[in-house]
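Participant: I'd like to go over a predicted model; first the sequence, then the structure.
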Amino acid sequence: MSKEVWVKADWSEPWEERKKFITSALEAGAEAVIVPNEDVEKTRKLGNIETISKSEESDFFLREASNVEEVEDAISKSQKSDKKSVLLVEVSGKEMEKAAARAGNQVDYLIMIAQDWKVIPLENLIAELQTTHAQLFTGVKNAREAKTAVETLEVGADGVLLDPKIGGIEEIRKTREVLEELGQEKFELVCGKITKIETAGMGDRVCVDTASLMKVGEGMLVGSQSNGLFLVHSETLESEYVEARPFRVNAGAVHAYIRAPGGKTRYLSELESGDKILIVNSEGGASAATVGRVKIEKRPMLLIEAEYEKRKIKTLLQNAETINLVNKNGDPISISDLEVGDEILINLQEGGRHFGVQVEETLLER
């Protein structure tokens, strides 16, 4: 699951100074900023980012607590408000830690601030809040602390509140990059042997264009069966027929599954601009990408079947030499050159899918 980065920018410095940090937060892809009340509208004019303040005009309403009484007061007021509630708690001892845990049952977001950044209080709150609805954030000053926070107890905090005042603007980008790297998924890819290649008539095929540029060896996991997907290569290769389109994967027929973040699959037919899918490389590393455009057109199709340890999987791809799978060496191989007996990279999983979510059940797909 991806971890969020919020940026603290509510210091007493002039707006022009704070503006530099808010702009950097926007450019780095941070999800929210804490700003003074008077900066809410000015921040919105800079770009689309959630605002957090003590003003009712902000997206999230912020309350702060440095003692038990203030925590209890914040809990009481949060229950009477329709606004998403954020409680920032300075955890200075065990009593404040317990009070913060109680608040986790009532507020939407709980930010733990510990003097000199302590790991133990965070571990305790992660354990206490696992069954509550509150999202747990912790205050950090740099990317190194952020990495520790989201890895604590393997579960980690749901996000971090970065105070970049000391570390500087560049720390915002570093923190976002560290969390994105930690959030990358990993797939086991095995070599499936091609057992069948045959024409499959006309069908509606889907090109998935992303807002990211892919490299050689990267593509998307696609297939007709949820428990077995092919690594379909991106159009990063130029040919005498078409120019390279490294943002695109000609992914296959509309009925096929494609892997999305968070262990989910989507049907190719339901993808649209703004959706998230996974870009996967030949080593199995995966990162999320945003769908920019989906092109569905009627084209001649080819049935591809592969086998691994007596398990057979299939997919339908457009019958064109510009479509590639990935061979056992991690190199693209055109389906026009593909032969029975060739080995290509596939991903296998157990169980089935229910609305795109993996479930443990007996399922037969042919």
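Facilitator: Everything's here; your move. Residues are numbered from 1 along each chain as shown.
Participant: what about residue 277, helix or strand, and which?
Facilitator: strand 276-281 (DSSP states H and E).
Participant: how distant is that strand from the center of its chain?
Facilitator: Distance of strand 276-281 from its chain centroid, counting by Cα atoms, centre = their mean, to the nearest Å, is 10 Å.
Participant: try stretch 146-153
Facilitator: On the basis of Cα atoms, centre = their mean, stretch 146-153 sits 17 Å off its chain's mean C-alpha point.
Participant: picking that back up, contacts for the strand holding residue 277?
Facilitator: 185, 187, 208, 210, 212, 214-215, 217-221, 231, 234, 258-261, 266, 271, 286-291, 347 (Cβ atoms under 8 Å, 6 or more residues apart in numbering). (C-beta placed from N, C-alpha, C; glycine too.)
Participant: got the domain boundaries for the protein?
Facilitator: Domain segmentation of the chain under automatic domain parsing yields 4-183, 186-359.
Participant: Tell me the span between the first and last residue of the first one.
Facilitator: Translated: domain 4-183. Its first and final residues considered, domain 4-183 spans 10 Å by Cα to Cα, to the nearest Å.
Participant: for that domain, the distance to its chain's centre please.
Facilitator: Centroid separation between domain 4-183 and its chain, computed with Cα atoms, centre = their mean, is 19 Å.
Participant: ok, now which ones touch residue 301?
Facilitator: Taking Cβ under 8 Å, 6+ apart, we find residue 301 in contact with 199-203, 205, 253, 316-319.
Participant: Can you list the low-confidence ranges for the chain?
Facilitator: Low-confidence segments of the chain, defined by pLDDT under 70: 1, 79-81, 115-121, 130-132, 152-155, 350-366.
Participant: picking up where we left off before, can you redo the contacts of residue 301 as CSV with secondary structure?
Facilitator: Output for the contacts of residue 301, formatted as CSV (DSSP: H, G, I helix; E, B strand; the rest coil):
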residue, secondary structure
199, strand
200, strand
201, strand
202, strand
203, strand
205, strand
253, strand
316, strand
317, strand
318, strand
319, coil
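Participant: Same list (the residues you listed) but as a markdown table, adding neighbour count.
Facilitator: Converted to a markdown table, the contacts of residue 301 look like this (neighbours: other Cβ atoms under 10 Å):
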| residue | neighbour count |
| --- | --- |
| 199 | 10 |
| 200 | 15 |
| 201 | 10 |
| 202 | 11 |
| 203 | 19 |
| 205 | 25 |
| 253 | 22 |
| 316 | 21 |
| 317 | 26 |
| 318 | 20 |
| 319 | 20 |
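Participant: What is the nearest of these to residue 105?
Facilitator: Nearest to residue 105, judged by Cβ to Cβ, of those is residue 253 at 47.3 Å.
Participant: For stretch 321-338, give me every contacting residue.
Facilitator: The contact list for stretch 321-338, computed with Cβ under 8 Å, 6+ apart, reads 191, 194, 197, 216-217, 219, 230-233, 235-237, 239, 241-242, 250, 282-283, 302, 304, 317, 319-320, 342-345.
Participant: Show me which parts of the strand holding residue 277 are buried, residue by residue.
Facilitator: Residues of strand 276-281 classed as buried: 276-281 (neighbour count, 16 or more other Cβ atoms under 10 Å).
Participant: Closest one of those residues to residue 77?
Facilitator: For the buried residues of strand 276-281, the residue nearest residue 77 by Cβ to Cβ is residue 276; the value is 35.3 Å.
Participant: Next one: that closest one from residue 319, what distance?
Facilitator: Using Cβ to Cβ, to the nearest Å, one obtains 29 Å as the distance from residue 276 to residue 319.
Participant: what does residue 253 give?
Facilitator: Going from residue 253 to residue 319 by Cβ to Cβ gives 11 Å.
Participant: before we move on, the earlier item: now do the following helix or strand past the strand holding residue 277 and strand 276-281, the angle between them.
Facilitator: Where DSSP H and E defines the elements, the next helix or strand beyond strand 276-281 is strand 285-308. Angle of strand 285-308 versus strand 276-281, following axes from the mean of the first three to the mean of the last three Cα atoms, to 10 degrees, is 70 degrees.
Participant: What strands flank strand 285-308, and is each parallel or antiparallel?
Facilitator: Each strand paired with strand 285-308, and its direction, by DSSP bridges: strand 185-186 (antiparallel), strand 190-210 (antiparallel), strand 276-281 (antiparallel), strand 311-318 (antiparallel).
Participant: I'd like those as JSON lines, with distance to residue 102 appended.
Facilitator: Putting these into JSON lines (distance: least, Cβ to Cβ, whole Å) gives the following:
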{"stretch": "strand 185-186", "distance to residue 102": "34"}
{"stretch": "strand 190-210", "distance to residue 102": "44"}
{"stretch": "strand 276-281", "distance to residue 102": "35"}
{"stretch": "strand 311-318", "distance to residue 102": "50"}
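Participant: Looking at the ones you listed, which is nearest to residue 76?
Facilitator: Proximity to residue 76 (Cβ to Cβ) singles out strand 276-281 among these, at 37.9 Å.
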